[in-house]
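Could you work out the structure for the sequence below:
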Amino acid sequence: MNTNASTDEIMALDAGETADSVEFDFAMDRRCFVQVLGAGLVIAVSHGTALAQGRGGRGGGGGARTVAARIHLSNDGVITVLTGKVEMGQGARTELTQAAAEEMRVPVSQVQLVMGDTGLVPDDGTTAGSRTTPATVPAVRQGAAAARKLLLELAAKKWNAEPAALEVRDGKISHAASQRALSYADLAKSGEAAESFKQSMPSDITVTAVEQWRVMGTSVPRINRRDLVTGAHKFPSDHTRPGMLYGKVLRPPSYGAKLVSVDLGPAKALQGVVAVQDGSFVGVAAPTTLRAEQALKAVAETAKWETSPHPSSKEVFDYLRKGAQGGVPQNSFTDELAQAAKRLRATYHVAYVQHAPMETRTALAEWNDGKLTVWTGTQAPFGYHSELARTFRLPNENVRVIVPDFGGGFGGKHTGECAIEAARLAQAAGKPVLVRWTREEEFTWAYFRPAAVIDVEASLDATGKLTSWHFININSGGAAVDTPYRAGKARCRFVGSNPPLRQGSYRTLAATANNFARESFMDELAAASGADPLDFRLAHSEHPRLRAVLEEAAKHFNWRERVKQERTGLGVGLACGTEKGSYVAACVEVAVDHEQDKITVGRVCEVFECGAVVNPDNLLAQVQGCIIMGLGPALREEMRFAEGQMRNAVFSRYLVPRLADVPELDIHLLNRPDLASAGGGETPIIAIAPAIANAVFHATGRRIREMPIRLRAAADG
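As a prediction, this is how the structure comes out:
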């Protein structure tokens, strides 16, 4: 297996969303079986499907090229929106429903979505990079507005009236002068609507202005909330097929280990078990999970492996620095450093972490008549489609990927190894096979948020003004690597390394690491210049949107009073940042217990701005989720590994935030109807860790330059 993503794949990913893929090299001779579509929506989608399947990439996609590829109108007036985006808890299903309802002038109850089914929907790109709101919402609005315009023209033609004289409300078109009316359902029954929708998507459609929004901009509840709370919704893990088997895959005992030999005989001797070896791939399928586990154990006991050296998590930062491609760039601002009144240098370390979604990787694969259908949870339906077609040497039209709403991704479900494993086992068994990764597999074999080594050096003049800024990120990435501050001469660079683990996208990519280092270092510079951390940032920031969130957070937190207070074991800190077109600032209060080596976050005040707000309640939930998720890597989460094995691949040792860890949350959303909407599911995470580190300094006078933040790692300020 090759764990390197190709250059073309990396370039195709949305907004830098990269991930190390796993390449399978299966034998050429294979058996295939008849495709079963399953219970799905039967609609005329040929206009969009061929186009979508023809692309089959993991990147931005080409979207819908005809109105019919985006919008379908049924005879009962129900509007079906087709999109390649997926729902994994972030609220995309509701937001896209609102977008269509707004432009079609109907209540949200009259709209339904088909999401992430490569046999039906256009390729809207990977659900990543906070791109659904700024890219797919406008695309859906354009498609819906085009459909409304076409329906208006049909009604006008029937009545020999001007389209401008007609009004649309609640799915009904009316002509006041003649007191005539037609519903969308009436137009759908004639067949003319379906025919008109075949035309190309127009590029000059005008969508509804923000000040005229009636559905968008409101807190529409989750569209499928009843199914979610009653358990009626079927996640990928819940799906079954007639005659389905359960699959398990043999994993190496350590990273880098190569299979030398294995005996499938003991597994095949068990009743109902299918065992397959195809190159380095070894797996089993059985009628029950228990029997599959027994078969896998029988195979594992016969396997012989050739292991290889592997660095431990304790030495990973030295390893990454030594592996820096082209070496670590040196600071070239020698004149500014020589003339500086003060100069500071620091190195920050950020550990490997896992995404830890509630639902682990899961895929159900079924072959029929040489065609393959896979039900799975992925952020990249067309990326999986492409991987499956390439791996099994199938034409695009013989592969279908169906993505039910699934339990969390956070940037961690871009690569299709689980789907490929299920497909290979189903191929060998001649029956559908479900592969559901265990939590240990998820922690060990899924890709990780990259570890980082970040060097920062800066100089100040006698007035406390920044005269130079040197910022080098080793390994984790270039997201938010550039400073938003006025810094005299500045150099910000990302340098790749030779990572010891698979790594890839995570919520805001490397922005979590880069913002942690930058905002922590800005606090150090403020202290060195004798300035208040808030004033120091404002003095070096000319960006009005960044200043706005920072000033608003400071006001709600009562920063200027609280930072002056000296309370034993208590401290306050702040941080801000920008990424993906949105802006965030956070102020926190922490309690420090040296005896128990414990940091407790008591309060977080966060202000977030992402342009015009599409759904206030959903955006609030996204900000809350980002803060709580961010607490984990900030305080506890890290992958610990040694001798090629993960030492904490279980929730009892990998401590994500629990309910008891949730602080008082004071969140404020700045709505900017004068600006285009940006995504809100990532950027709110980047301010929490540096704000905590800065609060610990305020409480203790000692700096912590690593994530997770631990008191024992503190250095004298």
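
how much space between Val433 and Thr118?
From Val433 across to Thr118, the span is 20 Å (Cβ to Cβ, to the nearest Å). (Each C-beta comes from the backbone N, C-alpha and C, glycine too.)

Please identify which of the two sits among more neighbours.
Val433 (31 against 28; other Cβ atoms under 10 Å).

Do I have it right that that one meets Leu245?
Yes - counting by Cβ atoms under 8 Å, Val433 does reach Leu245; the two are 4.9 Å apart.

Could you name every residue contacting both of those two?
Common contact partners of Val433 and Leu245 (Cβ atoms under 8 Å, 6 or more residues apart in numbering): 285, 425-426.

Filter those down to the ones in strands?
Among these, the residues falling in strands (DSSP state E) are Ala285.

can you put the shared contacts of Val433 and Leu245 in CSV and add distance to Pro404, pLDDT and neighbour count?
Compiled in CSV, the shared contacts of Val433 and Leu245 are given as follows (distance: Cβ to Cβ, whole Å; pLDDT from 0 to 100; neighbours: other Cβ atoms under 10 Å):
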residue, distance to Pro404, pLDDT, neighbour count
Ala285, 22, 98, 29
Leu425, 20, 98, 30
Ala426, 18, 98, 30
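
Just send the shared contacts of Val433 and Leu245 back as JSON lines, with distance to Asn648 too.
Below are those laid out as JSON lines (distance: Cβ to Cβ, whole Å):
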{"residue": "Ala285", "distance to Asn648": "30"}
{"residue": "Leu425", "distance to Asn648": "29"}
{"residue": "Ala426", "distance to Asn648": "33"}
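
How is this protein divided into domains?
46-230, 506-716 (automatic domain parsing).

Those: lowest mean pLDDT?
Ranked by mean pLDDT, the domains of the chain bottom out at domain 46-230, with a mean of 92.

now that one, how far from the chain's geometric center?
For domain 46-230, the separation from the chain centroid amounts to 24 Å (computed by Cα atoms, centre = their mean, to the nearest Å).

Same question for stretch 263-279.
37 Å.

which residues touch that stretch?
24-27, 245, 262, 282-287, 291-292, 294-296, 298-299, 301-302, 424-425, 428-429.

Of those, select the buried ones using a PyMOL command.
Buried residues among these (16 or more other Cβ atoms under 10 Å), as a PyMOL selection:
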select buried, resi 24+26+245+262+282+283+284+285+286+291+292+294+295+296+298+299+424+425+428+429
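
From the contacts of stretch 263-279, which land in helices?
291-292, 294-296, 298-299, 424-425, 428-429 (DSSP state H).

can you put these in CSV and add distance to Gly408?
Formatted as CSV, these follow (distance: Cβ to Cβ, whole Å):
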residue, distance to Gly408
Arg291, 29
Ala292, 25
Gln294, 30
Ala295, 29
Leu296, 26
Ala298, 33
Val299, 31
Arg424, 25
Leu425, 25
Ala428, 30
Ala429, 29
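
Widest-spaced pair of those?
Farthest-apart pair in the ones in helices among the contacts of stretch 263-279 is Gln294 and Arg424; separation 20.3 Å (Cβ to Cβ).

what about the helices in the stretch 201-350 of the chain?
Secondary structure of the stretch 201-350 of the chain by DSSP state H, counting those that start in this stretch: the helices cover 225-230, 265-268, 289-300, 316-322, 334-339.

State the phi and psi torsions of Arg636.
phi -140, psi -40 (degrees, to the nearest 10).

residues touching it, list them.
655-657, 708.

Could you export the helices of the stretch 201-350 of the chain to JSON lines, including columns for distance to Ile599?
Output for the helices of the stretch 201-350 of the chain, formatted as JSON lines (distance: least, Cβ to Cβ, whole Å):
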{"stretch": "helix 225-230", "distance to Ile599": "34"}
{"stretch": "helix 265-268", "distance to Ile599": "49"}
{"stretch": "helix 289-300", "distance to Ile599": "40"}
{"stretch": "helix 316-322", "distance to Ile599": "21"}
{"stretch": "helix 334-339", "distance to Ile599": "34"}
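
now for those, which one comes closest to Gln596?
The nearest among the helices of the stretch 201-350 of the chain, by Cβ to Cβ, is helix 316-322 at 26.3 Å.

Which strands and helices lie in contact with the closest one?
strand 452-460 (3 or more Cβ pairs under 8 Å, 6 or more residues apart in numbering; DSSP states H and E).

Name every strand pairing with the strand it packs on and say which way it goes.
strand 342-350 (antiparallel), strand 466-474 (antiparallel) (DSSP bridges).

CA atoms only: put it into PDB for me.
Output in PDB follows, covering the C-alpha atoms of strand 452-460 (Å, rounded to 0.1, in the frame of the first residue of the first chain):
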ATOM      1  CA  ALA A 452       3.900  20.700  14.200                       C
ATOM      2  CA  VAL A 453       7.100  22.400  15.100                       C
ATOM      3  CA  ILE A 454       6.800  26.100  14.800                       C
ATOM      4  CA  ASP A 455       9.700  28.600  15.100                       C
ATOM      5  CA  VAL A 456       8.900  32.200  15.600                       C
ATOM      6  CA  GLU A 457      11.200  35.200  16.000                       C
ATOM      7  CA  ALA A 458      10.400  38.900  16.000                       C
ATOM      8  CA  SER A 459      11.900  42.300  16.800                       C
ATOM      9  CA  LEU A 460      10.500  45.400  18.500                       C
END
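
Show me what counts as buried in it.
452-460.

Return the distance of it from the chain's centre.
Centre-to-centre, strand 452-460 and its host chain are 28 Å apart (Cα atoms, centre = their mean).

what mean pLDDT would you report for that strand?
The average pLDDT for strand 452-460 rounds to 98.

now the strands for the stretch 451-600 of the chain?
Secondary structure of the stretch 451-600 of the chain (DSSP state E, counting those that start in this stretch): strands at 452-460, 466-474, 489-495, 570-579, 582-593, 598-609.

That'll do, ta.
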